[in-house]
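> Here you go, sequence then predicted model.
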Amino acid sequence: MAIQIKTLDQLKLMRRAGLVVAESLDLMKAAIKPGVTRNDLNQIAIENLAKNKAKSNFLNYHGYPAVVCASVNNEIVHGIPDDAPLKDGDIISIDFGAIIEGWHGDSAFSLGVGTVDPADQKLMDVCEESMWRGIAAGKVGGHLTDISEAIESYINSQGKYGILREYGGHGIGTEMHQEPHVLNFGKAGMGPELKVGMALAIEPMITRGTHKTVTLEDEWTVVSEDGSRGAHFEHSFAFLPDGKPFVLTALDGGKAKLAEFGVEISSLLA
Ligand code: MF3
Ligand code: CO
């Protein structure tokens, strides 16, 4: 299968999906505090999907039972919401997606609950910054692994973190997961050429220890093999017909953050 190329009109629908995702994640972020449960956060997401007449791409995905993934501490991704209250000092990663008129959005963030250990905060900050550097490194006419190298080299410059190997980013469009798979490590200049109309979800996943993971008996929750804490950030972005990028799941389209790297976002979706 070739990489799906989207028209401007299709990217406009993906932007609508992306905005529902961004707003829902912001609502969940605002609710995160000690005592709140992951099911509470899942419920916020369910209600915001309904309010926006959007569908969930997570619910029933290979049997997944919720609309968000919520992963706490040593859980890195695909944690399943439950009724256990979050505790002061936990860190939580929320991954969420939405579908509008058949077009998908997918985004994730990590956040400390209450008082955060500075080393956990740095873990999350490094993960988020690596995502932005990866997005900023993606250029029409460049290659897919330009993104991968930017992510890996930044993480490695910041300390000893484990970068997950079995999981990565992906193309996104009329399915949540499309080609190409986007590695969070590797050498620049390889893989498919990046083109106008491509949309990619960029999602580094890192730990304070090993890159090795174990999947729990629930068949979803991915934990670090050594029990170290993990972080996960994700945005979906696209290359617009003017050759410029636009972050579909960021409220400002990625304008402020990409400007730090001298990258101007497209004005075609404003
Ligand atoms: N959104 C995840 C990703 O970033 C996948 C979620 S798996 C699901 O690719 F089952 F929860 F949907
Ligand atoms: Co994703």
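Perfect, I can see it now. Ligands and ions are numbered 1, 2, ... in the order given.

> Just list whatever residues bridge to the spatially most central residue of the chain.
The C-alpha lying nearest the average C-alpha coordinate of the chain belongs to Glu234 (C-alpha atoms, centre = their mean; 1.6 Å). With beta bridges defined as DSSP bridges, Glu234 has these partners: Ala108.

> And for the one 5 residues further on?
Beta-bridge pairing for Phe239 (DSSP bridges): Pro245.

> pLDDT value on it, please?
On pLDDT, Phe239 comes in at 99.

> Please verify my assumption that it contacts Val140.
Yes. Counting by C-beta atoms under 8 Å, Phe239 sits close enough to Val140 to count as a contact (5.2 Å). (Each C-beta comes from the backbone N, C-alpha and C, glycine too.)

> of those two, who's got more company?
Using other C-beta atoms under 10 Å, the more surrounded residue of Phe239 and Val140 is Phe239, with 24 against 16.

> any idea how far Lys6 is from the more buried one?
Relative to Lys6, Phe239 is positioned 9 Å away (C-beta to C-beta, to the nearest Å).

> Give the residues shared as contacts by these two.
Taking C-beta atoms under 8 Å, 6 or more residues apart in numbering as the contact criterion, the common neighbours of Phe239 and Lys6 are 197-199.

> Name the nearest residue to Arg165, ignoring sequence neighbours.
Leaving aside its sequence neighbours, Arg165 sits nearest to His211 (C-beta to C-beta, 6 or more residues apart in numbering; 5.5 Å).

> actually Ile172, not the one I wrote
If the residues on either side of it in the chain are set aside, Ile172 comes closest to Ala201, at 4.8 Å by C-beta to C-beta, 6+ apart.

> partners of the strand or helix carrying that neighbour, with directions?
Element membership for Ala201 (DSSP states H and E) is strand 199-202. The strands that strand 199-202 pairs with in its sheet are strand 169-171 (antiparallel), strand 235-239 (antiparallel) (by DSSP bridges).

> Gly254: which of those is closest?
Closest of those to Gly254 is strand 235-239, at 6.6 Å (criterion: C-beta to C-beta).

> near ligand 2 at all, that closest one?
No. Residues of strand 235-239 are not located near ligand 2 by C-beta under 5 Å from the ion, the shortest gap being 7.6 Å.

> What are the contacting residues of that strand?
Applying C-beta under 8 Å, 6+ apart, the external contacts of strand 235-239 come out as 6, 11, 14, 18, 21, 104-107, 131, 135, 138, 140, 172, 194-202, 245-250, 254.
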